[in-house]
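Undergrad: need coordinates for the following:
(chains A, B, C and D)
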Number of protein chains: 2
Amino acid sequence: MTITVHGEKELAARTGHLFAKPEREFLCAAADLNTWSRREARVTAIGDIAHRVQQGLTIRKLYSSAALTDEEQRLHLLDLRSAGAQVRIAATALPHETIISDRKAMILAGRTIRGEREFTATTSTILIEGVHAMFEAAWEGAITLTDYLAQDLPHIDADGKAVLQMLTTGLTDEAAARRMGVSLRTYRRRVAEMMRLLEAESRFQAGVRAGELGLAG
Amino acid sequence: MTITVHGEKELAARTGHLFAKPEREFLCAAADLNTWSRREARVTAIGDIAHRVQQGLTIRKLYSSAALTDEEQRLHLLDLRSAGAQVRIAATALPHETIISDRKAMILAGRTIRGEREFTATTSTILIEGVHAMFEAAWEGAITLTDYLAQDLPHIDADGKAVLQMLTTGLTDEAAARRMGVSLRTYRRRVAEMMRLLEAESRFQAGVRAGELGLAG
DNA sequence: CACCGCGTGGCAGCAAATGGCCACCCGGGG
DNA sequence: CCCCGGGTGGCCATTTGCTGCCACGCGGTG
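TA: Residues are numbered from 1 along each chain as shown, chains lettered A, B, ... in the order given. Okay, here's the model as predicted:
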């Protein structure tokens, strides 16, 4: 059975029961933590996760490097790991979030349309097995959070992300500065800082790099 | 058995025999046609492909949209299809070329280092099955060449790609124009044209888009 | 031949971005 | 209190990017 829903609310309402109580295996792939569930939900869930892992649940979470760029998400990932979840970082952007619960139910997220995302939820074995295989491959190709943190990549805070967001939108510096409530000079300082972090010599290069790191969404 | 070689010559010399005569199934995933085999080889191969398909060989080729941006590759893909190969276009950049021959031998390409690419060739069943699964998933998620051509995406010729290359390198317009042997004015016209094709309002945006389409490699 | 369309290049002017310099404010230490 | 350091913002000079305008050359057509 496969259905398509629009927006997270409808998703939760219609399929929440399928994903609430995984018993054996819970897989999750996403660009970062923000795109999927809201912060409040995350914060309350840690204890629950630890408990379920004790009961024999395997949790594997696969993120893009975008999940490591802000401090809050970074800390949450470490918490997840402490709670017994496995966390890896993939080299790709993972623009379509995926959740597979006990290989019995799956959610695939689509692109955002008019502020809402479209989700496909299914219990079809064929679909789930296929995506599960892809997940496995991606998982195998990804590196552990520990290894990832051992190297280290541009540390971009919420402010930095906001700047990238402005750039991605195509605004001029002046408009972007107004929107962020800072002066033109400061905004440009931030842009320069982003380019330094991304090791880019031109804005075009910075765009490519940001895209690669999944920061331009 | 797994080996790593540097450069296409060494690859051909040491592993050519493993991939020369596929009988059942030949899978190939790559960003575009240029990155893998040279043009001459491609041109002569069409007849051979048709013949093998007659003998029962299944050929599936998965490319990124970058393979559709120049006319020559476009035509070659249509030729491949005529010869009986299945061709699909994936939404991702496919930066690592993959070839799987009869599920018995596999090549994975790495990044380019000092002008040469590094390849890993293997006959390990475990590795091949894993990647094969990923290929399947990617294949299922990709759309056929026919469907892809039905929509249509930016048509970027060799010149346009050269421009994107310059931009990716981070050169100033002046340096890039010199290197391409055109005037500053003309170079900028090309850049503007690229931005139009990529539907970008700023160079940063264009960079992101080019990255998404696998054109910034 | 004249005429046209098209790609190119030079020039000019403007907009955008980049970065140096200095002044300011603020929160710690001496 | 003064002083210091870091983030901010204004001002300004320079560079870089963007584009309209016009001219030139080239190949095709009437």
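Undergrad: so who does A:Ala50 touch?
TA: Neighbouring residues of A:Ala50 by CB atoms under 8 Å, 6 or more residues apart in numbering or on different chains: A:Ser82, A:Ala83, A:Gly84. For every residue, glycine as well, the C-beta is placed using N, CA and C.
Undergrad: pLDDT value on it, please?
TA: Looking at A:Ala50, its pLDDT is 79.
Undergrad: assign it to helix, strand or coil.
TA: What DSSP: H, G, I helix; E, B strand; the rest coil gives for A:Ala50 is helix.
Undergrad: which non-adjacent residue is nearest the residue of chain A at minimum distance from chain B?
TA: As assessed by CB to the nearest CB, chain B sits closest to A:Gly207 within chain A, at 2.3 Å. Nearest non-adjacent residue to A:Gly207, counting by CB to CB, 6 or more residues apart in numbering or on different chains: B:Gly207, 2.3 Å away.
Undergrad: tell me the angle of the one helix or strand the one you found maps to relative to helix A:203-212?
TA: Following DSSP states H and E, one finds B:Gly207 within helix B:203-212. Helix B:203-212 runs at 40 degrees relative to helix A:203-212, counting by axes from the mean of the first three to the mean of the last three CA atoms, to 10 degrees.
Undergrad: so A:Asp32 sits right up against A:Gln73, yeah?
TA: Yes. If you go by CB atoms under 8 Å, A:Asp32 and A:Gln73 touch, sitting 6.1 Å apart.
Undergrad: overlap in contacts, these two.
TA: A:Ala67.
Undergrad: more neighbours: the two, which one.
TA: With neighbours defined as other CB atoms under 10 Å in any protein chain shown, A:Asp32 and A:Gln73 compare such that A:Asp32 has more, 23 against 19.
Undergrad: how close does that one get to A:Leu77?
TA: A:Asp32 sits 10 Å away from A:Leu77, going by CB to CB, to the nearest Å.
Undergrad: what touches both of the two?
TA: Counting by CB under 8 Å, 6+ apart, the shared contacts of A:Asp32 and A:Leu77 are A:Tyr63, A:Ala67.
Undergrad: returning to what we had before: mind checking the pLDDT average for the helix holding B:Gly207?
TA: 89.
Undergrad: just the CA trace of stretch A:156-165, in PDB.
TA: Taking Å, rounded to 0.1, in the frame of the first residue of the first chain, the C-alpha atoms of stretch A:156-165 are listed here in PDB:
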ATOM      1  CA  ILE A 156      29.500  27.000   9.500                       C
ATOM      2  CA  ASP A 157      27.100  28.400  12.100                       C
ATOM      3  CA  ALA A 158      23.500  29.500  11.700                       C
ATOM      4  CA  ASP A 159      24.500  32.900  10.600                       C
ATOM      5  CA  GLY A 160      26.700  31.500   7.900                       C
ATOM      6  CA  LYS A 161      23.900  29.300   6.700                       C
ATOM      7  CA  ALA A 162      21.700  32.300   6.600                       C
ATOM      8  CA  VAL A 163      24.200  34.000   4.400                       C
ATOM      9  CA  LEU A 164      24.400  31.000   2.100                       C
ATOM     10  CA  GLN A 165      20.600  31.000   2.000                       C
END
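Undergrad: what pLDDT, on average, does that stretch get?
TA: Per-residue pLDDT values over stretch A:156-165 give a mean of 83.
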